[in-house]
Structure formats: C-alpha cells, structure tokens
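# Starting from these lines, generate the structure:
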Amino acid sequence: MQKIMVAATGNAGKLKEFRAVLRDYTVLSEREAGFSGDVEETGSTFAENALIKARAVCRATGLAALADDSGLCVEALGGAPGVYSARYSGGGDAENRRLLLKNMQGVSNRRAAFVCAIALCFPDGCLITAEGKTEGSILTEERGENGFGYDSLFLSDDLNKSFGEASDEEKNAVSHRGRALRALEAKL
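Sure, this is the predicted structure:
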C-alpha cells in the first residue's frame, strides 16, 4: 500500500487530527495535492458523504484520498444535527454552537455522541472504510478553547471534561475521529 494520501477536507482541524494519528503516512492537504474543488455532500449518512468526498478527490488527484464525515448526534434532538452538523445554523462553528445551546434550553436529557465514518479510496478502486464513536453530553455553556466545531460544548464520558478543555493528545485518544482513524490504520 502506498504511504501517501490526500486528506479530502478543507478543515484545518481535521487535517491536524489525520496527521497526528496517521504518523506512519504522509497526509497531504488538498492544496498540497493540487485540488481546489468543492465536493458537495449529498449523502444521507456519514458513510455515504465520506465515500463521495474520497472518490472525488482520488479521481481528481490520482492519489489515495482519505475523507471523513462526522457530526454530533444529540438524543433529545432526534439525532440532530447529525450529518448537517457543519451547516446546522447556516453559519460557522460559533453560530452552530449558539443554535445548539438555544435548542437545548430547558432540556434535561443532554446525552450525545460524536460519530465519524472514514473512507480511503485508492486510484485502483480499492476502498477501505471504518467508523468511530464517542459518548458524552452537551454542556449548558462552552468550556475550553481547544479543538473546533462543537468541542467546547461536548463533555466527554471518557475524559470527564470537554473536548475544548482537552489537549490534542487526550482528544485524539478517545475521539470519534481518532477511533475511526485507528480502525482504518489497522486495516491498512
């Protein structure tokens, strides 16, 4: 198997996590691989969206492409924001967190999980997939400055602190993406 892959994401936080976990591989950014397109996520599941992105970037670059789709699934919100986590509010991360806090006002069941599906597509058509999940709950206010997305609102059951309060190493050890990446690496 080749040791070079393109991370099919424009998210700097995800790229950093990919590189931190997959240390035995060279993980190029889309820009480093010469890809500047935007892949529309039209799937209805995390796995479908990861596959769409991996295949598109692999086709465009001629290199193995690694893509994930992940999100926050909140029990009291029927699994929302789910596959729409990144575009929940129609704005950025801060707006998404504000909308989540608003929608959780007065809600006692604060159980949630981060879910991640990963797809690695090779130019020869070979495909490897993996999934990861981490459990926790939604805080009533943000805690911590680390991470991105909903990290400052997610109280990890494993760490007993928010992902926003966790170091990169702590988060990667128990996060949905870290678990999915390690499961993928085991298949490599």
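# Show the subsequent helix or strand relative to the helix or strand containing L72.
Assigned by DSSP states H and E, L72 belongs to strand 65-74. Per DSSP H and E, the first helix or strand lying C-terminal to strand 65-74 is helix 93-103.
# Against which helices or strands is the strand holding L72 packed?
If you count contacts as 3 or more CB pairs under 8 Å, 6 or more residues apart in numbering; DSSP states H and E, strand 65-74 packs onto strand 4-7, helix 46-61, strand 111-121, helix 176-187. For the C-beta atoms, the positions are set from N, CA and C on the backbone; glycine is no exception.
# Send me the second one as PDB with only the CA atoms.
Read it as helix 46-61. C-alpha atoms of helix 46-61 as PDB (Å, rounded to 0.1, in the frame of the first residue of the first chain):
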ATOM      1  CA  PHE A  46     -21.900   9.900   7.400                       C
ATOM      2  CA  ALA A  47     -20.500   6.900   5.400                       C
ATOM      3  CA  GLU A  48     -22.100   8.000   2.100                       C
ATOM      4  CA  ASN A  49     -20.600  11.500   2.500                       C
ATOM      5  CA  ALA A  50     -17.100  10.200   3.300                       C
ATOM      6  CA  LEU A  51     -17.200   8.000   0.300                       C
ATOM      7  CA  ILE A  52     -18.400  10.800  -2.000                       C
ATOM      8  CA  LYS A  53     -15.500  13.000  -0.900                       C
ATOM      9  CA  ALA A  54     -12.800  10.300  -1.000                       C
ATOM     10  CA  ARG A  55     -13.800   9.200  -4.500                       C
ATOM     11  CA  ALA A  56     -14.000  12.700  -5.900                       C
ATOM     12  CA  VAL A  57     -10.600  13.800  -4.600                       C
ATOM     13  CA  CYS A  58      -8.900  10.500  -5.600                       C
ATOM     14  CA  ARG A  59     -10.300  10.900  -9.100                       C
ATOM     15  CA  ALA A  60      -9.100  14.500  -9.300                       C
ATOM     16  CA  THR A  61      -5.600  14.000  -7.900                       C
END
